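>>> Prediction below, plus the sequence it came from.
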Amino acid sequence: MKKVLSAILVLALALSCMAISVNAAELENLTKRATSWEATSGDGAKAGDLDAATAWVADAAQATLTMGIDIPLPMGYIEIDFGDTVATEFKIQVSSDATSWTDVVAVTDNDSAKYVYEWTSATQRYVKIEILATEDDKPATIAEIVTRQNKNKEDTSAASAYPSSGVKPADGSYLIHGDIIGLAEGWGGNPATGAAAAFDGDVNTFFDPLGTANGWAGIDAGEPMKLTKIVIHPRADNLHRYYGAEIDGSNDPDFADYTPIYVSVDKAAEFDYIEIDAEDFDDNGEFRYYRYYNTLEHGDVAEVELYGEPVDGSYTELSAYPSSGIKPADGSTIIKGDIIGLAEGWGGNAATGAHAAFDGDINTFFDPLGTANGWAGIDAGQEYTLTKIVIHPRADNLHRYYGAEIDGSNDPDFADYTPLYVSIEEAAEFDYIEIDAEDFDDIGSFRYYRYYNTLEHGDVAEVELYGTPTAGAAAPETEAPATAIDGTYMSLEKNVFEVGEPIMVTAKKVGSDTDWIGLYYAGEVPGGPSSTQWFYAWLADGEAWAISDGEGPMAYQELPAGDYVIYYCFNDGYEVGQTINITIVDSNAAAETEAPVETEAPVVETEAPVVETEAPVETEAEVVETEAPETEAEAVEEEEAPQTFDFGVVAVIAAVVSLAGYAVSKKH
């Protein structure tokens, strides 16, 4: 009997350990990324404040709540805690642009305070919950909403340390780390999509080159290494751009001479890590410099991890940032982002620049040029309110912690800033120093934070900043456009076009020479899949311009029947100034489908379903969302659609663009 009890006890302990292991990994919650809340009444943000004790409370039983996250991401799971009032009838919708909505589920006769639903995930940005009835007709409430890609999706947000794949390298093999090299700013001059984004541990950020074979993201290993494994995570909603993904090795930092080690010949199958072992490499060698590159596609990528063996047999393993082991309070997270401030430390030393304060290694250090001369900071990407500061002084320089200062600002140059904490003592020992919010000198909501010192030289080994994202924080301001056409940026004479008919857009350059107009399939948005066609606004500049004569995968080809949206965007980026919905119809196809053929009626009846299957645009739009517009372009080319353009017109347009000095990018 004792043996039986002992066995049961052992089994219970084993199961307990398994449960602990499963729960150790935090599950994704996209609601944490919410940047907008809209409700018919009440404070909608309380449904996403991570506090079940608070709730969105509407004024009536019939109410609608809409949540928007910062960027479109795969979404296919939702949990709703209704709180005090159970919604008995409601429906859930999702959207990528807050304009075109897709029904997820309609629920009737619900009697549960907590509702869970999972569906096939797709890239979305907005979730709408429309409550149609509640128990006893009480005002609608929602205490908390949780959303993620699927039921068991683990959190791989910016709070995850690099590397974030969880891959365990073989014995004798290490993660290759070092200085990031390559393109400092991504497409459109965006520093957030430069090379560093491919090595930040966050699959929701991405490296975005200037175009095909135009820009790369790399790493200087500091010494020769031989690769043993490659791990790549594609960019969300751009799985097709993994085709041509290339890892090169070189002993020249400019890659004037290099060896392609691996080149992908397929698109990515899903939004997940892809592991490539050495036996699947195309070549290999001993190199100090490695890069991610693409000569076949635009080449966006979310994460790159390179594992290898040191040539001399020894290698210093990377300390993960943050390295203090501090566990932040509930709702608070480590703040990560682009490193800003002094690129090179005292004496022009790149190894002691700002990045050394955020590398997880207490044996490296940031070394400013002098007292009040240089700082190390971070661009959080959005506003945060600090909850904890952790600082580790430099070895043998504990006295330089006197005057250590953390500032917050919404100006990247800190022309205006708030000192949040200033040390009035030297450090007592070579160890982490924790400063809680109650010991701050001031507090506020800021996007940019820095370590600075106006009283001492200000060396520092490590800085960790923890905070909570500010709900409803305003997006960074951009330069306002100057003027517009009749109060808008573009106009059309009509909204319905025949297949093959030119779509004439009258647009005006209202700000930058890089304001642009793009045509997208309904349900897609700028910043997601590539546009089907686009052109710069200055080409039209107040005159009607055929968007079908622009650039893009469908340029000079007939677009299929369906619903589309034309976007006016500013400064080569994705800030939208105006949208116009249009529809393309194929009257001839409709006539052929409907017209009876008297002599061959059976044949018509047999062929008709094929026409009906191919005609609906909704089916094609779903494919576009997962496979991207280039796939549609390839399909049209395979069917040998007639070319309807004039080569003379093409030559003139090419000359105009060339004279203007614009490099046309596939990005749009």
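In hand now; what should we look at? Remember, predicted model here, so these are calculated numbers, not experimental data.

>>> the helices in the protein, which residues?
Per DSSP state H, the chain has helices spanning 2-24, 537-540, 587-594, 601-614, 617-627, 629-638, 647-660. These are given in chain order.

>>> Find the residue closest to residue 237 in space, skipping its chain neighbours.
residue 123 (4.2 Å; CB to CB, 6 or more residues apart in numbering). Just so you know, the C-beta spots here come from the backbone N, C-alpha and C atoms, and that holds for glycine as well.

>>> Quick one: residues contacting residue 274.
For residue 274, the set of contacting residues under the criterion of CB atoms under 8 Å, 6 or more residues apart in numbering consists of 231, 232, 233, 234, 242, 268.

>>> Output those residues as TSV; include the columns pLDDT and distance to residue 489.
Output for those, formatted as TSV (pLDDT from 0 to 100; distance: CB to CB, whole Å):
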residue	pLDDT	distance to residue 489
231	96	43
232	97	38
233	95	36
234	95	33
242	95	34
268	93	35
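
>>> out of the residues you listed, which is most surrounded?
Taking other CB atoms under 10 Å as the neighbour criterion, residue 234 ranks highest of the contacts of residue 274 with 27 neighbours.

>>> Could you verify my assumption that that residue touches residue 302?
Yes: with contacts defined as CB atoms under 8 Å, residue 234 counts as touching residue 302 at a distance of 6.2 Å.

>>> just to revisit the earlier point, list just the nearest of the contacts of residue 274 to residue 306.
Relative to residue 306, the closest of the contacts of residue 274 is residue 231; by CB to CB it sits at 7.8 Å.

>>> burial of residue 171, as a residue count?
Residue 171 has 6 neighbours, counted by other CB under 10 Å.

>>> which intervals of the stretch 351-500 of the chain have sub-threshold pLDDT?
The stretch 351-500 of the chain contains residues with pLDDT under 70 at 471-488.

>>> What mean pLDDT does the longest strand along the chain get?
Among all segments of the chain classified by DSSP state E, the strand with the greatest residue count is strand 114-134. When the per-residue pLDDT values of strand 114-134 are averaged, the result is 92.

>>> And it, what does it pack against?
Other helices and strands packing on strand 114-134, by 3 or more CB pairs under 8 Å, 6 or more residues apart in numbering; DSSP states H and E, are strand 63-81, strand 87-95, strand 102-107, strand 144-148, helix 617-627.

>>> try it again with 6 Å
The contact analysis (3 or more CB pairs under 6 Å, 6 or more residues apart in numbering; DSSP states H and E) places strand 114-134 against strand 63-81, strand 87-95.

>>> between those strands, which gets nearest to residue 517?
Distances from residue 517 to each of those were compared by CB to CB, and the smallest falls on strand 63-81, at 20.5 Å.

>>> Would you list the strands that the closest one pairs with, along with their directions?
Sheet neighbours of strand 63-81, with direction, are listed as strand 34-39 (antiparallel), strand 114-134 (antiparallel), strand 144-148 (antiparallel) (DSSP bridges).

>>> Quick check: which of those strands is nearest to residue 517?
Going through those one by one, with CB to CB as the measure, strand 114-134 comes closest at 21.4 Å.

>>> contacting residues for the nearest residue to residue 435 once chain neighbours are set aside?
Closest residue to residue 435 apart from its sequence neighbours, by CB to CB, 6+ apart: residue 389 at 4.3 Å. For residue 389, the contacting residues are 406, 421, 435, taking CB atoms under 6 Å, 6 or more residues apart in numbering as the criterion.

>>> residue contacts, the nearest residue to the second one once chain neighbours are set aside?
By that I understand residue 421. Here the nearest residue to residue 421 in space, its sequence neighbours aside, is residue 406; by CB to CB, 6+ apart that works out to 4.6 Å. Residues in contact with residue 406, defined by CB under 6 Å, 6+ apart, are 389, 420, 421.

>>> can you pull the pLDDT of residue 349?
At residue 349 the predicted local distance difference test score is 88.

>>> hey, what's it bridged with?
Under the criterion used (DSSP bridges), residue 349 bridges to residue 345.

>>> Report how many residues lie close to it.
11.

>>> same deal with residue 60?
Residues contacting residue 60 under the criterion other CB under 10 Å number 14.

>>> mind checking pLDDT for it?
pLDDT, residue 60: 95.

>>> same question, residue 278
pLDDT, residue 278: 93.

>>> and if you look at residue 295?
As predicted, residue 295 sits at a pLDDT of 94.

>>> Chain neighbours aside, what residue packs nearest to it?
The shortest distance from residue 295 to any non-neighbouring residue, by CB to CB, 6+ apart, is to residue 213 (4.2 Å).

>>> So that neighbour sits against residue 297, correct?
No: the pair residue 213 and residue 297 fails to qualify as a contact (CB atoms under 6 Å) at a distance of 9.5 Å.

>>> Between these two, which is the more surrounded one?
Taking residue 213 and residue 297 together and counting by other CB under 10 Å, residue 297 has the greater number of neighbours (23 against 16).

>>> Touching, the more buried one and residue 239? I think so.
No: at 10.6 Å, residue 297 does not count as touching residue 239 under the criterion of CB under 6 Å.

>>> ok, residue 141 to residue 218 distance?
According to CB to CB, to the nearest Å, residue 141 and residue 218 sit 51 Å apart.

>>> More neighbours: the two, which one.
Neighbours of residue 141 and residue 218, each counted by other CB under 10 Å, are more numerous for residue 218; the result is 27 against 23.

>>> so what's that one up against?
Taking CB under 6 Å, 6+ apart as the contact definition, residue 218 lies against 181, 182, 290, 291.

>>> Apart from its neighbours in sequence, what residue is nearest the first one?
Okay, so that is residue 181. Excluding the flanking residues, the one nearest residue 181 by CB to CB, 6+ apart is residue 218, at 4.5 Å.

>>> Look up how far residue 208 lies from the one you found.
Between residue 218 and residue 208 the computed distance is 15 Å (CB to CB).

>>> now residue 322
Distance of residue 322 to residue 208, given as CB to CB: 26 Å.

>>> now swap in residue 326 and tell me
Counting by CB to CB, the separation of residue 326 from residue 208 is 32 Å.

>>> More neighbours: which of these two?
Neighbours were tallied for residue 326 and for residue 208 using other CB under 10 Å; the higher tally belongs to residue 208 (28 against 13).

>>> shouldn't that one be in contact with residue 300?
Yes: shown here, residue 208 and residue 300 form a contact pair, counting by CB under 6 Å, at 5.2 Å.

>>> Mind pulling up the pLDDT for the nearest residue to residue 491 once chain neighbours are set aside?
On the basis of CB to CB, 6+ apart, the spatially nearest residue to residue 491 that is not a chain neighbour turns out to be residue 506, at 5.0 Å. Here the pLDDT value assigned to residue 506 is 84.
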